[in-house]
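Student: Quick one, structure for this:
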Amino acid sequence: MKFSGIKFEPKPVQKPLPVWIGGHSARAMRRVVEFGDGWLAVPKSYAAFQESHEALKAAAVRAGRDVKSIPVIVSPMYVDSVDTYAEEIKRYQALGYDSFFAPIGFWAGDLKGILEVMDAFARKMGM
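Tutor: Numbers count the residues shown, from 1 in each chain. Now for the predicted structure:
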């Protein structure tokens, strides 16, 4: 399919553009190690993350790829507040992860609330 008259700005600076793949199934882990530059982990629980990470390690072994070459961004989607998020990411930091995605938009019902949550998040995280 081709489109005309459409622009995408700003252009990405990375060449080639990194491909981050999400998911938690065995097939998703296979796609991460075969085609991905990184894994976007959005676990339903801490235990689910651990299970998925084990699946990622197994897929990496089968594909002959060092699992340490696969960066991981974690977004604990089962948390419901800035305080809960701040506490939860400590568990992932203890495992050595340092890249996180915060689902701020889910913690507020409107734009004003999102801006308030963003401010609270920045204060809590020392930003």
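Student: What's the first helix or strand after whichever helix in the chain runs longest?
Tutor: In the chain, taking DSSP state H as the definition, the longest helix is helix 46-63. Sequence order places strand 72-74 as the next helix or strand after helix 46-63, per DSSP states H and E.
Student: Once you drop chain neighbours, what's closest to G22?
Tutor: Of all residues beyond its chain neighbours, the one nearest G22 is L40 (4.1 Å), with distances taken as Cβ to Cβ, 6 or more residues apart in numbering. In this view, the C-beta of every residue, glycine as well, is placed from N, C-alpha and C.
Student: no, scratch that, I was asking about D83
Tutor: Take D83 and drop its neighbours on the chain: the residue closest to it by Cβ to Cβ, 6+ apart is K124, 7.0 Å away.
Student: what about the one you found, neighbour count?
Tutor: Other residues near K124 number 13, with proximity taken as other Cβ atoms under 10 Å.
Student: Would you agree it is in contact with T84?
Tutor: No - using Cβ atoms under 8 Å, K124 is not in contact with T84; the gap is 10.6 Å.
Student: element containing the closest residue to R65 other than its chain neighbours?
Tutor: With sequence-adjacent residues excluded and distances taken as Cβ to Cβ, 6+ apart, R65 is closest to V33, at 4.9 Å. In the assignment (DSSP H and E), V33 maps to helix 26-35.
Student: Sounds good, over and out.
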